[in-house]
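> the sequence and its predicted three-dimensional model are supplied below.
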Amino acid sequence: MSDEPAAASETDADTSDSIADMVGVWAPRGNEVRVVAGTAVVLALFPFAFSRMPVVSDLLQGYQSLATLILIWGIFALGFDLLLGYTGLLSFGHAAFWGGAAYTAGVFSQQVSGSPVLMVAAGTAFAVLLAWALGFLSLRRGGIYFAILTLAFAQMLFYMSSSPLAFITGGENGFTGVETAELFGTFPLESELPSVLGLLLGTWLYAFVALITVLCVALAYRILQSPYGMVFRAIRENEQRAEFVGLNVWRYRLMSFILSGLFAGIAGSLFTIHGTYVPLASFYWTTSGEVVIMTVLGGTGSLFGPIIGAGVYLYVENIVSGGHPFDFIAPFWHLILGLVFVVVIWVFPRGIWGFVRDVRDAVTGGDD
Amino acid sequence: MSFHIEAITVLLNGLQQGAIYILLAVGLSIILGTLKFVNFAHGALYLIGTYAGLLLALEINLTSGQLQEWGFDQLGLGLGYIPALIIVPFIVFVVGLAMERWVVEPFKDRPDTDQILVTFGLAIIVQELFRVFFGSSSLPFSQPAWAQGPPQVPFLSTIPISSWRYYVIGITAVLVLIVYVLVEFTDFGLIVRAGTRDPEMVELLGIRLSRPYIVVFGIGAALAGVAGVVGGPLNPVNPTIGNEILVPAFLTVVIGGVGSIAGAVLGGVLFGLTQAILVATYSAWAQVGLYAIAAIVLLVRPQGLLGEAEVAP
Amino acid sequence: MALLETENLVKEFGGLVATDDVNLAVEEDERVSIIGPNGAGKSTLINLITRRLDPTSGDIRFKGESIVNRDPHEVVQMGVSKSFQTASIFSNLTVRENAEIAALAAEHGSFGFKFLEHRDSLTDVHEVARNTLDAVGLLDQADRMASELPYGDKRRLEIGIALAAEPDLLLMDEPTAGMSPEETEATVDLVEEVKREMGLTFVLIEHDMEIVFRVSDRIVVLNRGRVIAEGTPDEIRGNPEVQEAYLGGVDL
């Protein structure tokens, strides 16, 4: 009868409506699919192009492990940019979250479980809680006080790990007891992926890190497309007005700090998995300084800038410094990075990524 | 050693270490208070002071770095410590003038974060320049032979503290006094203080602040240079010491209260004494305790111990 | 019950008494102007009400509730909005985003955890923003960067931001300062229209006496932190103390 099919299709429509309602606010919109898919593609091709592709990799002299490390620092810088580029807050103590997560993941693997997924969860949880606590204390004032307070807290953690807590952290020698297990109990992280995947991506470790990186990019993009993205930028532009429009600026700043701590925590945990060792320097202010440089170099206030910045910095630090074919400038690598950093701040605040986009616009005629 | 002697040793060590912090903090404080400029490169000025002092005072052998690779195995003028002490402040003063003209001026109106970032970058550049040319390993810069033992004076000769350390305390006291007199009792100081309160008004009165400001920066730099010369023989000399000392220096400023010379002195003394006491007692917790105290002061009294509470707009 | 009341409000800065025992009451739907020579304490009074400053003593009540211990954003959420003397906008956001920030705070409160929801799903915010921009005549420029607007438009955006918060009480600190006669006219018309449509109560600080006398139900005159006169435009016009306060009198 004519009622039945109609009734059937109505309930179908109802179901898909309610699913759409549920997924509604979560569903990808606009550019999101493109951005995330694009990232996934680039990350899939990256290790091959960097370390195995004929001609290109000979030129670049890249290697698999460095590709993984670049992604890890990229996640750290991505989160850091939420705080610096979008909310306008400069922290010089983010090593606290990176190092904190790294040590937590390491100790967790030794004492509880070596599951990489759980290690990341543990490290990240520690970083988030720490960020809550330190953010609560440091954000009372902005500008220089905030920078100095975050620096002071991170230094405190460094010195605590150095002697009083050395029985946990290994002190000056770092933490050497990392016991990472197989991914999902089956896949050793160091082993190669089967057939084509192995050629492209290399190891299970890279696949693991790359997947997490894609998720982090998706998360960061969604945060920026959410009301938070607008609020962060408003706070950076005119904090007073944001308050007088009715926004609780203090809480949003704290959230920005905690979210940046989340990314730092994920990255720090992956760092431990990647290196199977946690150096004491993970807490030192130079580490905080490195993420600042990477973020600024790549371009603050952009999604991909910080990751590019991490790539450039690590490339120069590990390959340019090594000698051939960069013999002439090898001893000056750090100096050159410092100079480029100052130039970027002085005249080109949109960084390397901004420069790339300008070139692309000039070449393609400028509309996108 | 009797408890007496130990206690006094710790006290004097603390004062001497505090003196170094004071020299740095006073400079930083007046720069921050007057020019409203955040100078993360202040440690680099200390570094320049140390290396310049070393090269003026002594002749040394280089074992690494580009200079050594280019054939300069031995460097230094060997003029002695006193000439070095006199010349270095002038050198660093000039460096300070240059920095004010070319870095501070263009960044005066840019946000705090930009100032921090650019001076941080500068600090790295200076550090790396020294590393490239002089190598990473520590260079030998010991206290002068005539100041190595305790002073030949009745009580003090029993305390195991070299004369050099007393000179450090003395030089610091004299310099801080000079700066204080300059700021409080001269026309120059008056202009600077007025400019700190209300730069617009001062300019409207027809007084150009750019000249006094350059001098203020130069003075701050010179003080950092002196800290480098007198502190050099007491610590290892390598390219990282500039940035290492930056954090305690800033903490001293912020704890004492930005813009207050007395605050910088108080902060420095507190910091130095705390450090010395902790090192002598719970040495494992020394650094942690220091930063913890700094953080507590900042949290309880954000304007610093002697700073002004925020004035309403 | 008055919408806004201050009781024995005092504000001292060191030795200077900027607000001296001010008792003010603004009824709903009233249009009150606060005037006085420079330094009379008008801005200080507004800043006390918006909680940018803490009073030395005294009370401020909005809708019967004391607000002296509230944060500025809380007071805005309660229904007090202020438009600033200078065009205090978000320069590197688009005009639309400027309005949406205010609308977001109005529709979704001072804080939320919506960092996983796409902005496009917040239709209520978009609507309020659109209506606000329409009301101030900036809808056609919605996608321009706010920094690119000419000054007069920035001022209108400023007022728009204050209105998007959907306030019950609007405080305006010299809204027409630096505007040309045409812009001033347009602003006054805008404010009157908004008042009609939204049933707004407002408190205005102004130096332009023409506007003050045209637009106000009641005028409060401050001098040296104290209220020296209060009344209808006619009453104030003829008040000798007011004329004296302005040193020789403004051409009233």
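Looks like it came in fine. Numbers count the residues shown, from 1 in each chain, chains lettered A, B, ... in the order given.
> before we move on, what SS does residue 273 have?
The chain I'm using is chain A. For A:I273, the assignment made with DSSP: H, G, I helix; E, B strand; the rest coil gives helix.
> do I have it right that it meets A:L118?
No: look at A:I273 against A:L118 with Cβ atoms under 8 Å: they stay out of range, at 11.0 Å. For glycine as for every other residue, the C-beta is placed from the backbone atoms N, C-alpha and C.
> where in the chain is pLDDT low?
In the absence of a named chain, this looks at chain A. Applying pLDDT under 70 to chain A picks out residues A:1-26, A:324, A:365-368.
> wait, chain C
Chain C contains residues with pLDDT under 70 at C:246-252.
> show me it divided up by domain.
When chain C is parsed with automatic domain parsing, its domains come out as C:1-79+C:167-252, C:90-160.
> what's near enough to touch the residue of the stretch 151-252 of chain C at minimum distance from chain A?
Residue of the stretch 151-252 of chain C nearest chain A, by Cβ to the nearest Cβ: C:A165 (5.6 Å). By Cβ atoms under 8 Å, 6 or more residues apart in numbering or on different chains, the contact list for C:A165 reads A:V245, A:G246, C:V76, C:S81, C:A102, C:A105, C:A106.
> closest to B:D73 out of those?
Top of the list for closeness to B:D73, among the contacts of C:A165 and by Cβ to Cβ, is A:V245 at 66.6 Å.
> quick revisit: with distance to chain B, secondary structure and neighbour count added, can I get the contacts of C:A165 in TSV?
TSV is the format used below for the contacts of C:A165 (distance: Cβ to the nearest Cβ, whole Å; DSSP: H, G, I helix; E, B strand; the rest coil; neighbours: other Cβ atoms under 10 Å in any protein chain shown):
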residue	distance to chain B	secondary structure	neighbour count
A:V245	18	coil	30
A:G246	20	coil	29
C:V76	18	helix	26
C:S81	19	strand	27
C:A102	22	helix	30
C:A105	22	helix	30
C:A106	26	helix	24
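> which one of those residues is nearest B:T240?
Proximity of the contacts of C:A165 to B:T240 (Cβ to Cβ) peaks at A:V245, which lies at 45.8 Å.
> quick check: buried residues in stretch A:228-246?
Across stretch A:228-246, burial judged by 16 or more other Cβ atoms under 10 Å in any protein chain shown covers A:228-239, A:241-246.
> which members of those additionally contact chain C?
By Cβ under 8 Å from any Cβ of the partner chain, the members of the buried residues of stretch A:228-246 lying near chain C are A:228-231, A:233-234, A:237-238, A:241-246.
> assign a three-state SS to the residue located most distally from the centre of chain C, would you?
The C-alpha centroid of chain C is most remote from C:L116, which lies 33.9 Å away (Cα atoms, centre = their mean). Under three-state DSSP, C:L116 falls in the coil class.
> give me the nearest residue to it, chain neighbours excluded.
A:R222 (5.9 Å; Cβ to Cβ, 6 or more residues apart in numbering or on different chains).
> ok, B:R131 next?
B:P239 is the one closest to B:R131 (Cβ to Cβ, 6+ apart), at 4.2 Å.
> confirm the one you found sits in a helix?
No: under three-state DSSP, B:P239 falls outside any helix and is assigned coil.
> where's the spatially most central residue of chain A relative to A:A220, distance?
The structure's chain A has its C-alpha centroid closest to A:I75; by Cα atoms, centre = their mean the separation is 1.2 Å. In this view, A:I75 and A:A220 are 9 Å apart by Cβ to Cβ, to the nearest Å.
> list residues touching both of those two?
A:F263.
> what does the stretch 1-150 of chain A have sitting close to chain B?
Going by Cβ under 8 Å from any Cβ, the residues of the stretch 1-150 of chain A near chain B are A:84, A:88-90, A:92, A:137, A:140-145, A:147-149.
> which members of these occur in helices, if any?
Residues of those located in helices (DSSP state H): A:L137, A:G143, A:I144, A:Y145, A:A147, A:I148, A:L149.
> just send these back as a markdown table, with distance to chain C and neighbour count too.
Conversion of these to a markdown table gives the following (distance: Cβ to the nearest Cβ, whole Å; neighbours: other Cβ atoms under 10 Å in any protein chain shown):
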| residue | distance to chain C | neighbour count |
| --- | --- | --- |
| A:L137 | 19 | 15 |
| A:G143 | 19 | 16 |
| A:I144 | 22 | 20 |
| A:Y145 | 20 | 18 |
| A:A147 | 22 | 26 |
| A:I148 | 25 | 25 |
| A:L149 | 22 | 26 |
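> out of the residues you listed, flag the one nearest to A:P54.
Minimum distance to A:P54 across these is 46.6 Å, recorded for A:A147 (Cβ to Cβ).
> for the residue of the stretch 201-350 of chain A found nearest chain C, grab phi and psi.
At 3.6 Å from chain C, A:G246 is the closest residue in the stretch 201-350 of chain A, using Cβ to the nearest Cβ. Listed backbone geometry of A:G246 is phi 110, psi 10, with angles given as degrees, to the nearest 10.
> kindly report the same for B:G71.
With angles defined as degrees, to the nearest 10, B:G71 sits at phi 100, psi 0.
> A:I258 touches A:A127, doesn't it?
No: counting by Cβ under 8 Å, A:I258 does not reach A:A127; the two are 9.2 Å apart.
> who has more neighbours, these two?
Using other Cβ atoms under 10 Å in any protein chain shown as the criterion, A:I258 and A:A127 rank with A:A127 on top: 32 against 21.
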